[in-house]
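Visitor: I would like the atomic coordinates for the input below:
(one chain, ligands or ions: 1)
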Amino acid sequence: MESKLRIGIAGMGNAGTMHAKAVLGGSISRACIAAVCDGKSSLERARQFIPESARQFESYDEMIASGSCDAIVVATPHMQHPEQSVKALKAGLHVFCEKPSGVSASAAREMNKAAAASGKVFAMDFSRRQEPYVIKLRELISSGELGEIYRVNWIATNWYRSDSYFASAAWRGTWAGEGGGALINQCIHILDLWQHLFGLPDRVRGFCRFGKKHSVEVEDEATAFLEHGNGVTGVLSVSLCESPGTDRLEIACSRGKLVLESKSLRFYKTEVSLEEFNRANDKGFGEPPFQVCEIPVSGEADLTSGLLKNFVDAVLDGSPVLVPGSEGLASLEIENAILLSSWTDSWAGVPVDAEAFDRELKKRAAASKKTLSSTMKVFDLKDSFK
Ligand SMILES: NC(=O)c1ccc[n+]([C@@H]2O[C@H](COP(=O)([O-])OP(=O)(O)OC[C@H]3O[C@@H](n4cnc5c(N)ncnc54)[C@H](O)[C@@H]3O)[C@@H](O)[C@H]2O)c1
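Guide: Predicted coordinates:
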């Protein structure tokens, strides 16, 4: 019988609990929970569902040195992701890291170097890349079906959070504990999809609102203008303040316009490309005729356990990793640049000036204080996957 991949989980809060339950519930039958690591009260909560055979640690270093694990799931608050991933990789363990790749591009760049040198499997939980509409969009773009992309407009304001969310853990919503807000936590998924679909911008101009409708220090609303070297321009708006929110991506391209809304794709396809129409049209006014095509998208992504299962298969079989950990850096470059631009009220280049970003974040973290009193609560993450 095949021996199971022995997983150790660092952080038994929302994400760690979700991953443990996916393994224990049988969704990932080729792995077992060999160890968990967290503080006393979280371990006490975890004991209600982890098997007796799983070792429990209050020290991360002791867990990775214990010899009980082949792989580590890093599910601690963002800031610890790079350091904990590097330690595990250097100890010869495979790593499945929660998004984001930390909070600073400088630490993420170091993490990627360590991962490349380790030869171990390093994957990241950007689960939304598995969504069938994302896979379809990538196909449409790479096949040339859309022609040249002119402009992108993404309104991602369907991430409403109330103050009770920020009160559920002491690290949330503060510069010292979380290092950012909507962009680093919820909408890092959108930034990841942006770079996955359109590549990295060359520079950005960010406009963040800090604590607009929540008792937090960090941004709960952000708008950014993104300028790509290939001429693509884009506007991204994200918010944790609005309900009902909107998730609408509009891609203006030389074959018309593609709209993604509520996971449905609609292509307003021109009969000829805009370049061709422009060359041939001698009437001054007029536009090319177009058809409205609903693009079929079928299937459903497994957002709770799909990527962890893929990671386990990659370790055991050497099969491809769907989201290589090193790709987490790209969304962080954009996130750091939007914040830096907003703080300095000027353009920020991508790759970001990591020294400037770290300096600005450090200033804010030094003055950080939690205004909401917090009591640790664990939620069912299924409620956050729309
Ligand atoms: N991929 C997704 O869709 C998704 C969803 C939720 C959370 N996340 C990510 O997972 C991470 C954790 O988020 P969460 O909501 O589970 O937070 P949480 O506060 O619920 O859980 C974090 C846990 O880590 C523990 N912890 C802190 N420092 C530790 C250390 N040094 N060693 C061991 N444990 C430690 C805390 O005590 C806590 O129990 C975040 O980075 C978040 O962005 C990703």
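
Visitor: from Pro77, how far off is the closest residue to the ligand within the stretch 1-150 of the chain?
Guide: Closest residue of the stretch 1-150 of the chain to the ligand, Cβ to the nearest ligand atom: Gly13 (1.8 Å). C-beta: built from backbone N, CA, C; applies to glycine. Computed as Cβ to Cβ, to the nearest Å, the Gly13 to Pro77 distance reads 8 Å.

Visitor: which one of the two has more residues nearby?
Guide: Under the neighbour definition other Cβ atoms under 10 Å, Gly13 and Pro77 were set side by side, and Gly13 has more, 22 against 19.

Visitor: tell me the pLDDT at that one?
Guide: Listed pLDDT for Gly13 reads 96.

Visitor: thinking again about what came up before, find the residues that touch each one of Gly13 and Pro77.
Guide: Contact criterion Cβ atoms under 8 Å, 6 or more residues apart in numbering; residues shared by Gly13 and Pro77: Ala169.

Visitor: now the residue of the stretch 1-150 of the chain closest to the ligand. Nearest residue, chain neighbours left out?
Guide: Leaving aside its chain neighbours, Gly13 sits nearest to Val378 (5.8 Å; criterion: Cβ to Cβ, 6 or more residues apart in numbering).

Visitor: what secondary structure does the one you found sit in?
Guide: Following DSSP: H, G, I helix; E, B strand; the rest coil, we place Val378 in the coil state.

Visitor: please apply the same query to the one 4 residues further on.
Guide: In three-state terms, and counting by three-state DSSP, Lys382 is helix.

Visitor: tell me how far it lies from Asn14.
Guide: Lys382 is 11 Å from Asn14, by Cβ to Cβ.

Visitor: quick one, which of those two is more surrounded?
Guide: Looking at Lys382 and Asn14 with other Cβ under 10 Å, you find the greater number of neighbours at Asn14, namely 18 against 9.

Visitor: quick one, phi psi at that one?
Guide: phi -60, psi -60 (degrees, to the nearest 10).

Visitor: I'd assumed Ser42 was in contact with the residue of the stretch 1-150 of the chain closest to the ligand.
Guide: Yes. In this structure, Gly13 is within contact of Ser42 by Cβ atoms under 8 Å, at 6.6 Å.

Visitor: identify the contacts common to those two.
Guide: Counting by Cβ under 8 Å, 6+ apart, the residues touching both Gly13 and Ser42 are Met376.

Visitor: sketch out the low-pLDDT regions of this structure for me.
Guide: 370-374 (pLDDT under 70).

Visitor: which bits of it sit near the ligand?
Guide: Residues of the chain lying close to the ligand (Cβ under 6 Å from any ligand atom) are 10-16, 37-39, 42, 60, 75-78, 80, 98-99, 125, 127, 169, 185, 378, 381.

Visitor: make it 5 Å
Guide: Along the chain, the residues adjacent to the ligand under the rule Cβ under 5 Å from any ligand atom are 10-11, 13-15, 37-39, 42, 60, 76, 78, 98-99, 125, 169.

Visitor: of those, which belong to strands?
Guide: 10, 37, 98, 125 (DSSP state E).

Visitor: can you list those residues in CSV and add distance to Pro324 and neighbour count?
Guide: Putting these into CSV (distance: Cβ to Cβ, whole Å; neighbours: other Cβ atoms under 10 Å) gives the following:
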residue, distance to Pro324, neighbour count
Ala10, 20, 27
Cys37, 24, 29
Glu98, 15, 25
Asp125, 12, 26
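
Visitor: I'd like those residues as a markdown table, with distance to Glu221 appended.
Guide: Formatted as a markdown table, those follow (distance: Cβ to Cβ, whole Å):
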| residue | distance to Glu221 |
| --- | --- |
| Ala10 | 31 |
| Cys37 | 35 |
| Glu98 | 24 |
| Asp125 | 25 |
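
Visitor: surely His228 and Gly199 touch.
Guide: Yes. Assessed by Cβ under 8 Å, His228 is found in contact with Gly199 at 6.6 Å.

Visitor: beta-bridge partners for Gln291, please?
Guide: Using DSSP bridges, the bridge partners assigned to Gln291 are Lys269.

Visitor: start the count at 8, not 1, going forward
Guide: With 8 as the first residue, the last one maps to Gln298.
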